[in-house]
Every structure is written in structure tokens, then in C-alpha cells.
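A.B. asks: Using only what follows, build the 3D model:
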Amino acid sequence: MPAFKLLPACKDYIWGGQRLKTDFGVHSELDPLAEAWVLSCHPDGPSVLADGPFAGKTLPEYLAEAGPGALGTRCTKFENFPMLIKLIDAKKDLSIQVHPSDTYALAHEGQYGKTEMWIVLDAAPGAGLYYGFEREISREEFARRVEDGTLEEVLHRVAVKAGDVLFIEAGTLHVIGAGLVIAEIQQNSNVTYRVYDYGRLGPDGQPRQLHVEKALCVANRGPAVQRDFGAHLGSCPYFTVDGHTGSFAGRCTRESFHALLVTEGRGTLDCGKKRTPLERGMCLFLPAGSGLYQVAGDCRVMDAYIL
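C.D. replies: Predicted coordinates for the structure are as follows:
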């Protein structure tokens, strides 16, 4: 079975830039271009199949026709498509924010929570991000610092470079800083609680909505938890991610689909008697049972699947 190239759903959040267009081949008229949802079944922005007999259909439409076998036997436990993959261009700082757990999000938002991971694709000199707290703080101190604008003083800042990987459990307060381009692999959710947004105005000229009370309920008020994923870049029930540099081969069994994201360079993908040219920023969906696939070339590829 051949792999399908995907076209992303794009978002023009106020902190975005132009690098997804200039450096990652994303075609969009949005300005700014903040995010490209390169693998998405989310109703807020599904990706679209670019080639093959299903060209022009959204990924959810294709999966509805192909049936559950295209996702694989490990996906039968999920009510919805399990993951979402984005490219993010932060020309400006994102808000200080947090994502809820499944338990809280299902009870209060009617959808799943959000655990995610970041792969830093490029970083301007001095660029960094916030990731958890420097120390344990009380709920009262949290609320006070949100009110007086001093929350950043107790957040843990991390200087990052291209190739760095961070895993963000639900409940971890975080900020993607200006000057970063990131690949984000996350649960299939669009629930974000903004805690602080620097007084910025949205497209409607009004301050962007904050969700402080909900954030106080879900945020872990201590240092972020560090985890060792062994041979994987990251892993949780909703996604496992491996990284490859240069040529490699894999097998897409009937247990899980695979999503390949080209983060650097060029190459080719051979899958199901079809050869597909690979370029930076391209994402491909391999239905479960696609069999042997081979990537050749001077490129870096992120491989996401269900373990």
C-alpha cells in the first residue's frame, strides 16, 4: 500500500511568522503563518490527502472510507484518532499556558487533554523556552504572580538548540519562546488554558482570553518531570516518536499506521511499489499494513506511530 502525502491545515495566530513558508515549503496565504497541522484529524483543522485516489479528501474522510484497518489494531482502544502533528513558527513568544489532563478535559471541555513533545528544528541565538517551575510554589503564590505579572520569575527557562527534544506532560506550564521553529507531536486535542499573554490584543482588538481559574486547577506547580524514553525520542499511549538521520528502513505492520515528517534535507520514500520525493516540511501517512518502507537521502525524518 502506498504512502499518502498530506497537505496541512494552517493557523494565523498573532505570534507567528513566515518561516514555515520560506524554510519548510508550506503553501499558505495566511500572514502571519503560526502553525501548520501536518497530520490532523481534529475538526478545528484536518489535513488533506494530496495525491492518490483519495486526493482532495480530508484525512478523516479517507479513514472513514478505508475503515479501522488503516489505523491498525493498536488503535482500536481509541475513541478518536490519537495524535496531531504540527509545525510551529514562533516569531514572538507564545502565551504562558498549560494543557489539562484527560480526566479534567473530558469533564470540563468534552474532549481529551493534551500531553505533547517538542523537537526543536531551529533556534535563533539566545532563544529559549519555559518548562515547569524552578521550585514548588503554592496555589496562592501562583495566583498572586499571575495577578501582578511576575510569574516568569519562578518559571524554569531552558536555552535550546536545533535537535533538542522536550516532553511536556499534561499539567506542565510552558512557553515556546520567540525565535524557535518546533515540530510538536501531541494528543489529538485543541484545549489550551492561557495564564498570561503580555497584554496582547487579538484580531478583534480585544485582549486575548485568559483561563486562569482552570489553569490553577490543572497546573503542576513544581519542576517539570524528566523522563528517559530509551531508544525513542518520546512515547506515551497516544504516540511514540523515533528520529532518523540519513537512509533507513522500517516496517508498517497491521498494528499501527506511521506518520513520517521530514524535518531536514531531501530524499525519497519507497513504499508499496511507489517512490515519493521527500522535502523538508513534508508529512506522509502510511496506513497500517503498508509493509516495508525505505527512506534514502541526506535527510532527517521523524517517525510517529502507536506502540
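A.B. asks: Tell me how far the longest helix seen in the chain lies from the chain's centre.
C.D. replies: The helix spanning the most residues in the chain, taking DSSP state H as the definition, is helix 139-148. Distance of helix 139-148 from the chain centroid (CA atoms, centre = their mean, to the nearest Å) equals 29 Å.
A.B. asks: State the next helix or strand along the chain beyond that helix.
C.D. replies: strand 155-159 (DSSP states H and E).
A.B. asks: Check which helices and strands the following helix or strand past that following strand sits against.
C.D. replies: Downstream of strand 155-159, the next assigned helix or strand under DSSP H and E is strand 165-168. With contacts taken as 3 or more CB pairs under 8 Å, 6 or more residues apart in numbering; DSSP states H and E, strand 165-168 sits against strand 116-123, strand 128-133. For every residue, glycine as well, the C-beta is placed using N, CA and C.
A.B. asks: do that again at 7 Å, thanks
C.D. replies: Using 3 or more CB pairs under 7 Å, 6 or more residues apart in numbering; DSSP states H and E, the elements in contact with strand 165-168 are strand 116-123.
A.B. asks: about what we covered before: so what touches the longest helix of the chain?
C.D. replies: Under the criterion CB atoms under 7 Å, 6 or more residues apart in numbering, residues L151, V154, V195, Y196, V212, L216, R221 lie in contact with helix 139-148.
A.B. asks: What residue, apart from its backbone neighbours, is nearest the first one spatially?
C.D. replies: What sits nearest to L151 in space, not counting adjacent residues and going by CB to CB, 6 or more residues apart in numbering, is R145, at 4.3 Å.
A.B. asks: now the fourth one
C.D. replies: Residue nearest to Y196 in three dimensions, not counting chain neighbours: I96, with 4.2 Å by CB to CB, 6+ apart.
A.B. asks: cool, and C283?
C.D. replies: V38 (3.8 Å).
A.B. asks: Can you give me the distance of the one you found to L260?
C.D. replies: According to CB to CB, to the nearest Å, V38 and L260 sit 10 Å apart.
A.B. asks: quick one: common contacting residues for these two?
C.D. replies: C283.
A.B. asks: before we move on, the earlier item: now for the contacts of helix 139-148: which two are most distant?
C.D. replies: Pairwise distances across the contacts of helix 139-148 peak at 15.8 Å for V154 and V212 (criterion: CB to CB).
A.B. asks: show me the contacts for the residue nearest to A70 when sequence neighbours are not counted.
C.D. replies: In space, and not counting its chain neighbours, A70 is closest to P287: 4.1 Å by CB to CB, 6+ apart. Residues near P287 by CB under 7 Å, 6+ apart: M1, A66, A70, F257.
A.B. asks: Now the closest residue to L278 other than its chain neighbours: which helix or strand?
C.D. replies: Of all residues not flanking L278 in the chain, G267 sits nearest, at 4.4 Å (CB to CB, 6+ apart). G267 is part of strand 258-271 when elements are defined by DSSP H and E.
A.B. asks: and the following helix or strand past that strand, what other elements does it pack with?
C.D. replies: Scanning forward in sequence from strand 258-271 by DSSP H and E, the next helix or strand is strand 274-278. Packed against strand 274-278, as judged by 3+ CB pairs under 7 Å, 6+ apart, are the following elements: strand 258-271, strand 291-305.
A.B. asks: Same list (those) but as JSON lines, adding distance to T115.
C.D. replies: Shown next, in JSON lines, are the helices and strands packed on strand 274-278 (distance: least, CB to CB, whole Å):
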{"stretch": "strand 258-271", "distance to T115": "17"}
{"stretch": "strand 291-305", "distance to T115": "14"}
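A.B. asks: Pick the most deeply packed of these.
C.D. replies: Greatest average neighbour count among the helices and strands packed on strand 274-278 goes to strand 258-271 (a mean of 21), per mean count of other CB atoms under 10 Å.
A.B. asks: distance of the residue nearest to A70 from K21?
C.D. replies: 29 Å.
A.B. asks: Setting aside sequence neighbours, what's the nearest residue to the residue nearest the centre of the chain?
C.D. replies: Nearest to the mean C-alpha position of the chain, by CA atoms, centre = their mean, lies E184 at 2.5 Å. Nearest non-adjacent residue to E184, counting by CB to CB, 6+ apart: K86, 4.5 Å away.
A.B. asks: Tell me the pLDDT of that neighbour.
C.D. replies: If you check K86, the pLDDT there is 98.
A.B. asks: Wasn't it part of a strand?
C.D. replies: Yes - under DSSP: H, G, I helix; E, B strand; the rest coil, K86 falls within a strand.
A.B. asks: What residues are bridge-paired with it?
C.D. replies: According to DSSP bridges, the partner residues bridging K86 are W37, E184.
A.B. asks: Pull the number of nearby residues for it.
C.D. replies: 24 (other CB atoms under 10 Å).
A.B. asks: Could you do the one 3 residues further on as well?
C.D. replies: Close neighbours of D89, defined as other CB under 10 Å, add up to 28.
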